[in-house]
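Visitor: Have a look; sequence and predicted model below, questions after that.
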Amino acid sequence: MAEEKKITTKAELREKAEELVLAYNDAVQNGDFNTATKLNAEIEQAVNEYTSIAREECFAELAATDDPMLAAVKRLSFMTIRAKDTKVGDEKIPVRVIEDSEKAIDLLKLHKAIKGGIGKDPQWAAMVEKLNFLMTAQKAVDLGIDPKAVNDSYAMSDIARQIDMGKTPTSKTNILKTVQAIVTAMIGEEYKAVSHDVNFLMSVYSRKNRKALTVSCANHKYMRQYMMEICHRIVEGKSYALDYKQIRK
């Protein structure tokens, strides 16, 4: 029996994913859900392998630059693929397709992948975690919750816990100082944060949880992404945007 050819390129993985999706759609439409479940797992594996290669290529390109952190901040994301479920026709028949997708660069993974790390200060990631903690403690105060509970149970690295970034922020001015310290640690002191960056961070930092009377605060991964976007705005000289329901014309 001939050995199955090992798939090692993005083009081959995309072709495989698209073939699996066709088989998946047939299985679903024929009511063969056992086969569909198996194919779903294979599709996920193909997509994950594609993303892994795309991430490695992105990291290699960033590592080849003079300042990988700055290059990553400018780039923000890399292209990969994803499986998307849609409904087609009047009968709303479920159909799965493979499409291009943007994925945010994970700065911590990049930091660990590059010898010597990235950023002007190697403790930038720990500083982000500490800011996340401080904002969560402040959110507790804002909601009438004893911040001691947050202090005693908040998950962060030992390095982050030991970093002194001041007391829990009680004003936008204090938060701005902390954000500026992180921006400096990430991309350099010549880049300056402004009040709009604080407003953006406070706008995206927390959201309503499905559980009644509960607010969800950002995890460290999302917080790093928000700081990356803030740095991107500063470096590129861009403005923030607002998405809202508009009058149909």
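Guide: Cool, got the structure.

Visitor: Return the mean pLDDT over stretch 236-244, rounded to an integer.
Guide: Across stretch 236-244, pLDDT averages out at 97.

Visitor: Return that stretch as CSV; C-alpha atoms alone will do.
Guide: Only the C-alpha atoms of stretch 236-244 are listed here, as CSV (Å, rounded to 0.1, in the frame of the first residue of the first chain):
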residue,chain,number,x,y,z
GLU,A,236,0.6,55.1,11.6
GLY,A,237,-1.0,58.4,12.7
LYS,A,238,-4.5,57.0,12.3
SER,A,239,-7.8,57.9,14.0
TYR,A,240,-10.3,55.7,15.8
ALA,A,241,-13.6,54.7,14.2
LEU,A,242,-17.1,54.1,15.5
ASP,A,243,-19.5,51.4,14.4
TYR,A,244,-23.1,52.0,15.1
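
Visitor: Any chance you could list what contacts that stretch?
Guide: Identification of contacts with stretch 236-244 by C-beta atoms under 8 Å, 6 or more residues apart in numbering yields 74, 196, 199-200, 232-233. Backbone N, C-alpha and C define where each C-beta goes, glycine included.

Visitor: now that stretch, how far from the chain's geometric center?
Guide: With C-alpha atoms, centre = their mean, to the nearest Å as the basis, stretch 236-244 stands 18 Å off its chain's centre.

Visitor: residues of it that come out buried?
Guide: In terms of neighbour count (16 or more other C-beta atoms under 10 Å), stretch 236-244 has no buried residues at all.

Visitor: quick one: which of the contacts of stretch 236-244 has the most company?
Guide: R233 (18 neighbours; other C-beta atoms under 10 Å).

Visitor: Mind pulling up the pLDDT for that residue?
Guide: Turning to R233, the model gives it a pLDDT of 98.

Visitor: my read is it is in a strand, agree?
Guide: No - R233: not assigned to a strand; according to DSSP: H, G, I helix; E, B strand; the rest coil it is helix.

Visitor: That one touches D197, doesn't it?
Guide: Yes - R233 lies in contact with D197 (C-beta atoms under 8 Å); the separation is 6.9 Å.

Visitor: Okay, strands next: where are they in the chain?
Guide: Secondary structure of the chain (DSSP state E): strands at 77-88, 93-104, 206-208, 215-217.

Visitor: Nearest to E12, out of those strands?
Guide: strand 77-88 (12.3 Å; C-beta to C-beta).

Visitor: buried set for that closest one?
Guide: Buried residues in strand 77-88, defined by neighbour count with 16+ other C-beta under 10 Å: 78, 80-83.

Visitor: Between those residues, which sits nearest G188?
Guide: Distances from G188 to the buried residues of strand 77-88, taken by C-beta to C-beta, are shortest for F78, at 23.4 Å.

Visitor: Bridge partners for that closest one, pull those for me.
Guide: K103 (DSSP bridges).

Visitor: Would you agree it is in contact with I105?
Guide: Yes - with contact defined as C-beta under 8 Å, F78 counts as touching I105 (6.3 Å).

Visitor: Common neighbours of those two, please.
Guide: Common contacts of F78 and I105, defined by C-beta under 8 Å, 6+ apart, comprise C58.

Visitor: I230 versus E236, what's the distance?
Guide: Counting by C-beta to C-beta, to the nearest Å, the gap from E236 to I230 is 11 Å.

Visitor: Now do the nearest residue to Y191 once chain neighbours are set aside against R14, distance only.
Guide: Leaving out its chain neighbours, the residue that sits closest to Y191 by C-beta to C-beta, 6 or more residues apart in numbering is I234, at 4.9 Å. Counting by C-beta to C-beta, the separation of I234 from R14 is 35 Å.

Visitor: go on, D66?
Guide: D66 is 32 Å from R14, by C-beta to C-beta.

Visitor: With L143 instead?
Guide: Counting by C-beta to C-beta, the gap from L143 to R14 is 46 Å.
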